[in-house]
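Visitor: Need a 3D model of the sequence below.
(2 chains)
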Protein chains: 2
Amino acid sequence: MIDPRSYLAEHRGAQLEELFNLLRIPSVSAVAAYRSDVRSAAEAFADLMRRSGIEQVGLHETSGHPVVYGEYLHSPTHPTVLVYGHYDVQPPEPLNLWHSPPFEPEVRDGKIFARGATDDKGQITMHLLVAGAMISLGILPVNLKFLVEGEEEVGSLHLADFIATHKDLLAADYVVISDSTMLRPGVPALCVGLRGLAGLELRLRTGAHDLHSGNFGGAVPNAAHALVELLSTLHDSEGRVAVDGFYDDVVDLTPAERRAFAALPLTDREFLDQAGAYSLYGEGGHTTLERVWTRPTLELNGIWSGFTGEGRKTVIPCEASAKITCRLVPYQDPAKVLAAVTNHLRSHCPDSAQLEILDPSGVPAFLAPPGHPALRAAEQALREAYGHEPDIIRMGGSIPVVTAFQELLGLPTLLMGFGLPDENLHAPDEHFSLENFSLGMLSLWRFWQLAA
Amino acid sequence: MIDPRSYLAEHRGAQLEELFNLLRIPSVSAVAAYRSDVRSAAEAFADLMRRSGIEQVGLHETSGHPVVYGEYLHSPTHPTVLVYGHYDVQPPEPLNLWHSPPFEPEVRDGKIFARGATDDKGQITMHLLVAGAMISLGILPVNLKFLVEGEEEVGSLHLADFIATHKDLLAADYVVISDSTMLRPGVPALCVGLRGLAGLELRLRTGAHDLHSGNFGGAVPNAAHALVELLSTLHDSEGRVAVDGFYDDVVDLTPAERRAFAALPLTDREFLDQAGAYSLYGEGGHTTLERVWTRPTLELNGIWSGFTGEGRKTVIPCEASAKITCRLVPYQDPAKVLAAVTNHLRSHCPDSAQLEILDPSGVPAFLAPPGHPALRAAEQALREAYGHEPDIIRMGGSIPVVTAFQELLGLPTLLMGFGLPDENLHAPDEHFSLENFSLGMLSLWRFWQLAA
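Guide: Numbers count the residues shown, from 1 in each chain, chains lettered A, B, ... in the order given. Model prediction:
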């Protein structure tokens, strides 16, 4: 019987060499000058897949950078898992703030320094290395499909198209992504929920053109007044969204979930420091983590009307606009929320203004199915590898690719990230903890065993 | 005894020739290329003054275009009147929309077409021609001082400085300006009031930087929310300004004044058409003209916060701003109003935001002293010349030079304009009615006789 911990430790040198080769390729998807490097990275990942024993490996062209796909399907009675990652990286600038060149990976203080080390080359490489090891040993008990894209850092521009046109190829039981962070060193994390998003823009008009406040002021409506009057009705004095029906489908946390969140180590002080806000503010009756992870919001992202330049202009604006987005929580239907917000805006719009609603759109929240066997397996694998109960967390944002898997393939996603919050994602001196590189691979190894 | 009507009619040809010579000079103060033309216009006006028998005529240099000054002070026991006008004009563009070249004056349909015909060369020339005629006939019974500037169309940049440093030179009993319009053809107008202005900018901050609405939304304040909450408190549901003390010094119109305004011919329908607004809106209990001429306002001239570009950005803004101006009415003190608005903003500012007040400043309203003998004389002169009771009107805006005369010299101003509202001021095909050119001169002649 192979001991994965020993096996992985014995092969550490070769694993790092594979990763370093990938980190040396400046696959910056946002910058046209790196186009051929991005392609080289795709080919290098395909090459690693092939050498790992993964089959049907190939580059799938898109209108942008190619998608790398490969599969290993030899356990007909066991689950098939789609593993997603990305081989592109953020631009490395500003270069002068790096302590070692971004595309010359090196280990210092137990950390791998390079652009892409934690986001996401390091993490997706762990998956390929573990699969390769288990395939070579003949002990991989699940079916794996690998989908590694090259446009995550530019908004996964063509991935939804690719998924929609390759539904059979990508069919699976669930998705696993390792492209996120743990809350704290030494404690693994499993993210089981993301908030959704619904947004729209609104425009108020009170007349054909702006007017001189001397000649007309006092006798005509002002679109900026109408806007503040309308927008001020969207929240009550307790910080709750005052839109009728907004909370209808929101399901309260169970006492156990609330206790679990309360036990997490993030303090309000730490949260406030991260935010740089002057104060915390939010819906009564909920802790900060509950507010950010599990409560829906309605935010004004932008408002504008009239003269905003330097100096003074005595104008009465005839037009005023606002951009609004709502963060949604599980069981809220984006279309229903957008309808509720639109109804509220229409019914509260001052008589003096004409209201136009532009670009309403949204995506639902994500919640890993409670009690899903893969969740149990992942918890157990992380517990064994780290010797610590995993933090069961959520995230307040959305991850478009998780939405795409949910909407297009009907698949839930397991977010099992091994990064740390201070690893300079998207910034100079990006790095990835060697310890998590090792314990992460151990976790994945145990996970496939337990998930079979 | 000279009959002014006959005298003026006999000299019509020479009068128009003088005016046309002045209209031919493209004295566009806003455009550097016209600099020498602007100076030529100043010299031409000085020349006309000298030939009219006006004394002490000269150009006074400023940092911009020169001021032309002249005086005729030979009636020690009678009032001294300061007559203000300007010799500069607006740019003529777009040239292709003129039916005759802007600087080649011609008469069509009883109208003088040229840039500056009504604003203000035509009107100030009437003053010089009447003074010249009465001086040559030895019958000018008042003392006159002429102040003709060359920067009115660019905001009278250096005039306040000139007035402040020439207080003795400009000392007088009151000021007369003919640079405004009548309400309707055939009916002269006397403007007895202007609104003042008080303004400030405010900035709210809720934190050190904008935040991601996924990671922080629901648990931190949003500066745009704070702004709409704060600004929505500035008016009540009846359109009145809800700032404590705002109306303290506002004096209600007398029943006679209200009747006089109600008798004026401007309908709400016409006002609405001029405004291009979808509806009228304003303080309850006041007519449209009362609202615009005699009621103070508080207007948002501009508001802005967060992301205002194309598309969507899920940002929580940390800063939000607004520009506010108040139109003031007689007896309101700008400093007191600014203090009241500032107090309101401070006391209603949400706890989550820090408030900063920027650039507060203001000028008071103007009201011609009720019962002033010059008012009576002007009414009588206009009534005789036009054969119609003059409209006693106000204007909703401010005229900076009227403020300067009030603040720096302590002088009231009589606004006796002979333009018409549709004479394309600042636009192509600017023109001035020949009838008002004649009846205006007749009015001024009678005015000096009655004002003595």
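Visitor: what does stretch A:76-84 rub up against?
Guide: With contact meaning C-beta atoms under 8 Å, 6 or more residues apart in numbering or on different chains, stretch A:76-84 is reached by A:73, A:124, A:127, A:141-149, A:170-177, A:179, A:374, A:401, A:405, A:409, A:411, A:413, A:448, A:451-452. C-beta here means a position set from N, CA and C on the backbone, and glycine is covered the same way.
Visitor: can you tell me which of these are in strands?
Guide: In strands, defined here by DSSP state E, the members of the contacts of stretch A:76-84 are A:143-149, A:174-177, A:413.
Visitor: near chain B too, which of the residues you listed?
Guide: Among the ones in strands among the contacts of stretch A:76-84, none lies close to chain B by the criterion of C-beta under 8 Å from any C-beta of the partner chain.
Visitor: Could you check how far the residue of the stretch 351-452 of chain A found nearest chain B is from B:Val31?
Guide: Residue nearest to chain B within the stretch 351-452 of chain A: A:Gly397 (2.3 Å; C-beta to the nearest C-beta). In this view, A:Gly397 and B:Val31 are 53 Å apart by C-beta to C-beta, to the nearest Å.
Visitor: So for these two, which sits in the more crowded spot?
Guide: A:Gly397 (18 against 14; other C-beta atoms under 10 Å in any protein chain shown).
Visitor: returning to that earlier point: now the ones in strands among the contacts of stretch A:76-84: which count as buried?
Guide: A:143-149, A:174-177, A:413 (16 or more other C-beta atoms under 10 Å in any protein chain shown).
Visitor: Among these, which one lies nearest to B:Tyr386?
Guide: Ranked by distance to B:Tyr386 (C-beta to C-beta), these are led by A:Glu149 at 81.7 Å.
Visitor: List the contacts of that closest one.
Guide: A:Glu149 touches A:65, A:67-68, A:84-88, A:156, A:159, A:162, counting by C-beta under 8 Å, 6+ apart.
Visitor: A:Leu128 too?
Guide: Here A:Leu128 is in contact with A:45, A:48-49, A:52, A:54, A:146 (C-beta under 8 Å, 6+ apart).
Visitor: so the nearest residue to A:Arg24 once chain neighbours are set aside, which of the three states?
Guide: Nearest non-adjacent residue to A:Arg24, counting by C-beta to C-beta, 6 or more residues apart in numbering or on different chains: A:Phe103, 5.6 Å away. Using DSSP: H, G, I helix; E, B strand; the rest coil, the structure places A:Phe103 in coil.
Visitor: A:Phe103 contacts A:Ala114, correct?
Guide: Yes. The pair A:Phe103 and A:Ala114 passes the contact test of C-beta atoms under 8 Å, sitting 6.7 Å apart.
Visitor: Overlap of the contact sets of these two?
Guide: Residues touching both A:Phe103 and A:Ala114 (C-beta under 8 Å, 6+ apart): A:23-24.
Visitor: Between the two, tell me which one has more neighbours.
Guide: A:Ala114 (29 against 18).
Visitor: If I look at the more buried one, what pLDDT would I see?
Guide: Reported pLDDT at A:Ala114 in the predicted model: 98.
Visitor: and the residue lying closest to it once chain neighbours are set aside, how many neighbours?
Guide: The shortest distance from A:Ala114 to any non-neighbouring residue, by C-beta to C-beta, 6+ apart, is to A:Pro105 (3.7 Å). A count of nearby residues for A:Pro105, using other C-beta under 10 Å, gives 24.
Visitor: is it true that A:Pro105 touches A:Phe20?
Guide: Yes. Between A:Pro105 and A:Phe20 there is a contact under C-beta under 8 Å: 4.6 Å.
Visitor: joint contacts of the two?
Guide: Common contacts of A:Pro105 and A:Phe20 (C-beta under 8 Å, 6+ apart): A:Ala114.
Visitor: A:Leu59: what secondary structure?
Guide: Once three-state DSSP is applied, A:Leu59 turns out strand.
Visitor: quick one, what contacts it?
Guide: When contacts are taken as C-beta under 8 Å, 6+ apart, A:Leu59 is in contact with A:42-43, A:46, A:66-68.
Visitor: Over to A:Val175?
Guide: Contacts here follow C-beta under 8 Å, 6+ apart; on that basis A:Val175 touches A:81-84, A:402, A:405, A:409, A:411-414.
Visitor: now swap in A:Asp179 and tell me
Guide: A:Asp179 sits next to A:84-86, A:119-120, A:123-124, A:152, A:415, A:417, A:419 when contact means C-beta under 8 Å, 6+ apart.
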